[in-house]
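1. Have a look at this fold, sequence not included:
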Ligand SMILES: NC(=O)C1=CN([C@@H]2O[C@H](COP(=O)(O)OP(=O)(O)OC[C@H]3O[C@@H](n4cnc5c(N)ncnc54)[C@H](O)[C@@H]3O)[C@@H](O)[C@H]2O)C=CC1
Ligand SMILES: O=C(O)/C=C/C=C(\O)C(=O)O
C-alpha cells in the first residue's frame, strides 16, 4: 500500500510538509480496512474532501462508503466474533500491548499527522498520542485483574451463585474530529479487550490517524476481522452502521443532535447496547477565596485547550462579584499572552466549523456583548480557519451564546453574588457534562460539587483523567458511562448463574 508506506515513513513536520508540497495538490487517498486488508470502497469514484485547517488546502480524499461497504465491515466483524470472543484474556491482553508498542514506536509520526489533519499543535497532538497508547495499555491490564465472587444462597448452603460476563458481539464505534486518535482508541481498546469485534467509523473530517491505526492492527497481528475501519459520511456510512442488524452495540462520541439521531435509530432494537457521550456547555465557578493567578491558569486552560474543541471545555465562567474585576483583567492578560493563534493554539478544524463559530461571534457583536479580547474574524490568513481566542462579557443569559455549545475558542465571563446563585447559574443549561470549581473551601467543594448537574466535576483542576473512573454526562450530555468497569458494562452481557 503505497500511501501507508509514504505516511509511515514521515515522522517529523518538515518531512511531512515537503511530502505534501511534492504531491503538488494531489490529495492522500485513504482506503477502508476490512479483514486486515486495505480495500477500495464500492463507489470508488466517490470521495469526501478533507482539508488542511492551517491552509484550507485539500489534504485527503476520504472514501465515501455506502451501506454496502458497511455490510462488508460488519460481516468481517461477525465472522471474527466466535473466535475472538473465546480467546483467553491473556491472549487479548498481549495483542493490546503489541498495539500499544507499535503506536509507541511511531509516536512522532502519529503526532505529526494528527497535528496536520486536525490543526492542533504538535505539543497537544503528542499528549493525545501518549493517551491513545495508555488506552490500550490500561484495558490490556484491566482484563487481567478483574475480580469476581461466588456466594452461597442465604439458607441454602448447597446452592452457589455467581455472575458471568460475555462479550456482546459486533460494535459500531463512531468518533468525532476533535481528538481523533485518542477518542477512537478510548472505544476500540475496551471493545477488543472485552472480547467484542467491531467496525469503527472515524470522523470524515479527520480520518488520517485512523487509517494509520489500521496499519498498526496489521503489524500487531490482530486477527483479521476483529477491528475493521470504514470511512465515510455520518449520514450515510455512520447511519448504515448504527442501523445494521448485525451490530449489537453502538458507542458514540460527538454532537448532541447526532446523538439524538443515533438514539432514534437504535430505539426499536431493545437489545442493542448504546453508549452516547455528547456535548457540553460547561460552567467554571470561581469563588472569592481563590489564588487569582492559579484560578486564571486553570480557567483559561479549561476554556481554550485544543482551541476550545473538547466537549469538556469550560465555556461559561462565573466569578464571585467581589473578585470579578481583578479576575477579569488577569484572565484577559493571561489569555493574550498564552493562547496566541499559530503560536500556541491551532485553527478550528474545518471551514464548516469556522463558519459556525464565527456566527456566534457575529451574534455577540449584534447583541452588544463586550469583546474583552478577540473579535469576529474578517479574513482567513493563508486560507486557514483561524479564530483568535475570544473573551466576552455582558452576554444575556438567554442568548444562544450562553446556552449552546460553540465548541471553539470563545468564553463568557459573568458575575455571581452567592453560592446558591452560582449553582443555579451553573445548572441553568440543558447539558450536564463537566464543570470546574475553583475554591479553597473544602466544605464548599462538597456542598457545591455534589449539586452541580455534571457527570464530571473537577475541583481546582481540569481534565485530570483516571481511566478507571466513570466518564460521561447527565441531562442532554449523554447516556451511560465509560471507563474501567463502566466500559466493561458497555461491552459485555451479564448473566447470573445459580448452581445447586
Ligand atoms: N465530543 C463532542 O462533544 C463533540 C461535539 N461536537 C459538536 O457537534 C457539532 C457538529 O459537529 P459534527 O462534525 O457534525 O459532529 P457529529 O456529532 O455529527 O460527528 C461525530 C461522528 O458522528 C458521525 N455521524 C454523523 N451523523 C451520523 C448519523 N446520523 N449516524 C451515525 N453517525 C453519524 C460523524 O460522521 C462523525 O464520525 C460541532 O459543531 C460541535 O458543537 C462535535 C464533535 C465532538
Ligand atoms: O478524556 C479526555 O481527556 C477527553 C475527552 C473528550 C471528549 O470526549 C470529547 O471532546 O468529546
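-> Yep, that arrived. Bear in mind the structure is a predicted one, so any value in this text is a computation, not a measurement. Ligands and ions are numbered 1, 2, ... in the order given.

2. confidence score at the nearest residue to residue 121 once chain neighbours are set aside?
-> For residue 121, ignoring the flanking residues on the chain, the nearest one in space by C-beta to C-beta, 6 or more residues apart in numbering is residue 346 at 5.6 Å. C-beta coordinates here come from the backbone N, C-alpha and C atoms, glycine included. For residue 346, the pLDDT comes out at 95.

3. Surely residue 346 touches residue 114?
-> No. Proximity of residue 346 to residue 114 does not meet the contact threshold set by C-beta atoms under 8 Å, at 10.8 Å.

4. what is in contact with those two at once?
-> Counting by C-beta atoms under 8 Å, 6 or more residues apart in numbering, the shared contacts of residue 346 and residue 114 are residue 120.

5. thinking again about what came up before, show me the contacts for the residue nearest to residue 121.
-> Applying C-beta under 8 Å, 6+ apart, we find residue 346 in contact with 53-54, 115, 118-121, 124, 306-307.

6. any chance of these in a markdown table, with neighbour count, pLDDT and distance to ligand 1 too?
-> Below are these laid out as a markdown table (neighbours: other C-beta atoms under 10 Å; pLDDT from 0 to 100; distance: C-beta to the nearest ligand atom, whole Å):
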| residue | neighbour count | pLDDT | distance to ligand 1 |
| --- | --- | --- | --- |
| 53 | 30 | 98 | 13 |
| 54 | 19 | 96 | 19 |
| 115 | 24 | 97 | 18 |
| 118 | 30 | 98 | 11 |
| 119 | 29 | 97 | 14 |
| 120 | 28 | 97 | 13 |
| 121 | 18 | 96 | 18 |
| 124 | 20 | 96 | 16 |
| 306 | 25 | 98 | 11 |
| 307 | 31 | 98 | 12 |
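
7. Please identify which of the residues you listed is nearest to residue 73.
-> Using C-beta to C-beta, residue 118 comes nearest to residue 73 of those, at 23.8 Å.

8. Ignoring the adjacent residues along the chain, who's closest to the closest one?
-> Closest residue to residue 118 apart from its sequence neighbours, by C-beta to C-beta, 6+ apart: residue 206 at 4.9 Å.

9. how much space between that neighbour and residue 184?
-> Using C-beta to C-beta, to the nearest Å, one obtains 10 Å as the distance from residue 206 to residue 184.

10. I'd like to check what contacts stretch 482-496. Which residues are they?
-> Outside of stretch 482-496, the residues within contact range by C-beta under 8 Å, 6+ apart are 139, 142, 146, 161-168, 171, 186-187, 190-191, 193-196, 249, 251, 273, 275, 277, 467-472, 480-481.

11. Name every strand pairing with the strand ranked longest in the chain and say which way it goes.
-> Ranked by residue count and defined by DSSP state E, the top strand of the chain is strand 156-167. Using DSSP bridges, the strands paired with strand 156-167 in its sheet are strand 150-153 (antiparallel), strand 492-499 (antiparallel).

12. Leaving out sequence neighbours, find the closest residue to residue 375.
-> In this structure, residue 375 finds its nearest non-sequential neighbour in residue 388, 6.3 Å apart by C-beta to C-beta, 6+ apart.

13. Spit out the contact partners of that neighbour.
-> Shown in contact with residue 388 (C-beta under 8 Å, 6+ apart): 341, 373-375, 377, 409.

14. I'd like to know which of those residues is nearest to ligand 2.
-> The nearest member of these to ligand 2, counting by C-beta to the nearest ligand atom, is residue 409 at 14.4 Å.

15. Check the burial of the closest one by counting its neighbours.
-> Residues near residue 409, counting by other C-beta atoms under 10 Å, number 29.

16. ok, it - contacts?
-> Here residue 409 is in contact with 303-304, 307-308, 339, 345, 348, 357, 374, 387-390 (C-beta under 8 Å, 6+ apart).

17. What's the separation between residue 165 and residue 497?
-> 11 Å.

18. between these two, who's got more neighbours?
-> Neighbour count, other C-beta under 10 Å: between residue 165 and residue 497, residue 165 has more, with 16 against 10.

19. What separation do you get for the residue nearest to the more buried one when sequence neighbours are not counted and residue 195?
-> Sequence neighbours aside, residue 492 is the residue nearest to residue 165 in space, at 4.0 Å (criterion: C-beta to C-beta, 6+ apart). Computed as C-beta to C-beta, the residue 492 to residue 195 distance reads 8 Å.

20. what touches both of these two?
-> Overlap of the contact sets of residue 492 and residue 195 (by C-beta under 8 Å, 6+ apart) consists of 166-167.

21. How about residues contacting stretch 217-227?
-> Stretch 217-227 is contacted from outside by 33-37, 76-77, 79-80, 83-84, 95, 98-99, 101-102, 188, 191-192, 197-198, 200, using C-beta under 8 Å, 6+ apart.

22. Just the endpoints, please. Distance across it?
-> Stretch 217-227 has its terminal residues 8 Å apart, counting by C-alpha to C-alpha, to the nearest Å.

23. How is the residue nearest to residue 118 assigned, secondary-structure-wise?
-> Put simply, residue 206 is coil when judged by DSSP: H, G, I helix; E, B strand; the rest coil.

24. can you pull out the helices in the stretch 251-400 of the chain?
-> 256-266, 292-304, 324-338, 351-366, 400-403 (DSSP state H, counting those that start in this stretch).

25. Ok, the stretch 401-500 of the chain next?
-> Here the stretch 401-500 of the chain has its helices, by DSSP H, counting those that start in this stretch, at 419-427, 442-449, 484-491.

26. Ligand 1: which of those helices is closest?
-> Of all those, helix 484-491 comes closest under C-beta to the nearest ligand atom, at 16.7 Å.

27. Could you list the residues of the stretch 251-400 of the chain in contact with ligand 2?
-> 253, 277, 310-312 (C-beta under 6 Å from any ligand atom).

28. Rebuild those residues as JSON lines, extending it with pLDDT and neighbour count.
-> Below are those laid out as JSON lines (pLDDT from 0 to 100; neighbours: other C-beta atoms under 10 Å):
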{"residue": "253", "pLDDT": "98", "neighbour count": "26"}
{"residue": "277", "pLDDT": "98", "neighbour count": "27"}
{"residue": "310", "pLDDT": "98", "neighbour count": "20"}
{"residue": "311", "pLDDT": "98", "neighbour count": "26"}
{"residue": "312", "pLDDT": "98", "neighbour count": "22"}
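
29. out of the residues you listed, which touch ligand 1?
-> Within those, those near ligand 1 by C-beta under 6 Å from any ligand atom are 253, 311.

30. so, if you compare the residues of the stretch 251-400 of the chain next to ligand 2, which one comes nearest to residue 333?
-> For these, the nearest to residue 333 is residue 310 (23.4 Å; C-beta to C-beta).

31. contacting residues around the longest strand of the chain?
-> 81, 84-85, 148-153, 194-196, 488, 491-500.
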